[in-house]
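A.B. asks: fold the following, please.
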Amino acid sequence: MAFIVWLLSLLLSAPPPIQATWERPGVARITWIQPANVVESCLIRKPNNDYPRLVTCLYNVPPGPNMLLLGNKGPLDASYKPQGGDTFIMRFDNSTQYPVISAPLRSIEYFPVFRR
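C.D. replies: Residues are numbered from 1 along each chain as shown. Presented below is the predicted three-dimensional model:
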């Protein structure tokens, strides 16, 4: 019986296959579990009430946990930068062999810091 409880606790505590969280203002952290034997992994940003946009494709990513930061600086066009309410989608090898995984990026509110 204890073995079943232990096994269930492992299953319930497993991380979701993809997460989108705010790292800091204007910078989103996308983390996912990369399946083995995948050649092409494509990240897609679906803004709220708009068409999906391909952000990037990565090749031969090692299996296991991976992370990508999308920020407000650098070569990214403004239409690819993270916004609250976006959904991030990861497709593997553009095939039905692997599930398409997605995660919403929640809206956030920043409170001003008052100094004396």
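A.B. asks: CA only for contacts and neighbour counts going forward, please
C.D. replies: Noted.
A.B. asks: W22 against R29, yeah?
C.D. replies: Yes. With contact defined as C-alpha atoms under 8 Å, W22 counts as touching R29 (6.0 Å).
A.B. asks: just the element for the spatially most central residue of the chain, please.
C.D. replies: Nearest to the geometric centre of the chain sits I30, at 3.2 Å (C-alpha atoms, centre = their mean). Applying DSSP states H and E as the criterion places I30 in strand 27-34.
A.B. asks: off-centre distance for that strand?
C.D. replies: Centroid separation between strand 27-34 and its chain, computed with C-alpha atoms, centre = their mean, to the nearest Å, is 4 Å.
A.B. asks: quick one: list the elements packing against it.
C.D. replies: Secondary-structure packing of strand 27-34 (3 or more C-alpha pairs under 8 Å, 6 or more residues apart in numbering; DSSP states H and E): strand 18-24, strand 64-70.
A.B. asks: each with direction, which strands does the first one pair with?
C.D. replies: Sheet partners assigned to strand 18-24 using DSSP bridges are listed as strand 27-34 (antiparallel).
A.B. asks: contacts for the partner strand?
C.D. replies: 16-23, 61-72, 82, 88, 105 (C-alpha atoms under 8 Å, 6 or more residues apart in numbering).
A.B. asks: check the offset of stretch 37-45 from the chain's centre.
C.D. replies: 12 Å.
A.B. asks: swap in stretch 91-103?
C.D. replies: Offset of stretch 91-103 from its chain centre (C-alpha atoms, centre = their mean): 13 Å.
A.B. asks: how about it: buried residues?
C.D. replies: R91, F92, D93, I101, S102, A103 (16 or more other C-alpha atoms under 10 Å).
A.B. asks: likewise for stretch 50-62?
C.D. replies: Buried residues in stretch 50-62 (16+ other C-alpha under 10 Å): P52, V55, V61.
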